[in-house]
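# Got a sequence here, can you build the structure:
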Amino acid sequence: QFLIQWRDIDLEQGWIKVRAELAKSGREREVEIIPEARQMLEAMIAGATSDMAYVFPRQTGEAYSPRSPWIWEALQRSVRGARNEMHIDHVAWHDLRRTYGCRRLNDDGLSIEEVSKLLGHSSVKVTERHYAFLDIRRARARRDTQSGMVRAHSLLTRETIKPNLNQPEIITIENPDNTM
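Below is the predicted model:
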């Protein structure tokens, strides 16, 4: 988003406002600033002059034109540079957005609805079409972890739990090996 202005960024709250006229959906939204981006923005703002309105200005300080081929070329050049530095064969600009969505779903445990809002999708169905497989994997991993914990507990303690029928609110634990 080469047309984002410093006034759109709230480092204190950790949000960037994507104005309606810049958003693909035509609706204003806020996007969180991840810690790595925050550090970069803080360094950039420290080097910015007070008359710089745009976060990514042309050398003249003016905004890039949305129809300018220079925007696309500058974007591709930065992605190519990072790709080469990291020794990655292929990466596109949109891969960065998809990685963000995937990490918020998988690593941070956000719901598909929350990720949909953060990505600015017009509906959850758009997000489901591209990210639902991750939600399924996470659910399976959670299920496998929980069932593994139950099996491990059972094997480690070798206990059987039986209800005490004379007093329903009390549970009696028996140890068949009498090893406690």
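
# Buried residues, stretch 78-89. List them.
When neighbours are counted by 16 or more other Cβ atoms under 10 Å, the buried residues of stretch 78-89 are found to be Val79. Bear in mind the C-beta positions are built from the backbone N, C-alpha and C, glycine included.

# Can you tell me what sits against it?
Stretch 78-89 has contacts (Cβ atoms under 8 Å, 6 or more residues apart in numbering) with 90-93, 96.

# Now do the helices in this protein.
Counting by DSSP state H, the chain has these helices, from start to end: 35-47, 69-86, 93-106, 112-119, 124-157.

# got CSV for those helices, with mean pLDDT and distance to Ile16 too?
Formatted as CSV, the entries for those read as follows, by pLDDT from 0 to 100; distance: least, Cβ to Cβ, whole Å:
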stretch, mean pLDDT, distance to Ile16
helix 35-47, 89, 9
helix 69-86, 79, 17
helix 93-106, 82, 13
helix 112-119, 88, 11
helix 124-157, 64, 19
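
# right, and those helices - which one's nearest Arg58?
Closest to Arg58 of these is helix 69-86 (Cβ to Cβ; 7.8 Å).

# quick one on the thing from earlier: which one of the contacts of stretch 78-89 is nearest to Leu11?
Each of these was scored against Leu11 by Cβ to Cβ, and Leu96 proved nearest at 20.4 Å.

# Report the contact partners of the residue nearest the centre of the chain.
Centroid-nearest residue in the chain, with Cα atoms, centre = their mean: Arg104, separated by 2.8 Å. With contact taken as Cβ under 8 Å, 6+ apart, Arg104 is in contact with 110, 114-115, 118.

# Would you list the buried entries among the residues you listed?
Neighbour-count burial (16+ other Cβ under 10 Å) is assigned, among the contacts of Arg104, to 110, 115, 118.

# Report the distance from stretch 57-73 to the chain centre.
Relative to the chain's own centre, stretch 57-73 is displaced by 28 Å; criterion: Cα atoms, centre = their mean, to the nearest Å.

# now do stretch 54-66
28 Å.

# Quick one: the contacts of Arg104 as TSV, columns for distance to Gln13 too.
Below are the contacts of Arg104 laid out as TSV (distance: Cβ to Cβ, whole Å):
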residue	distance to Gln13
Leu110	18
Glu114	17
Val115	20
Leu118	15
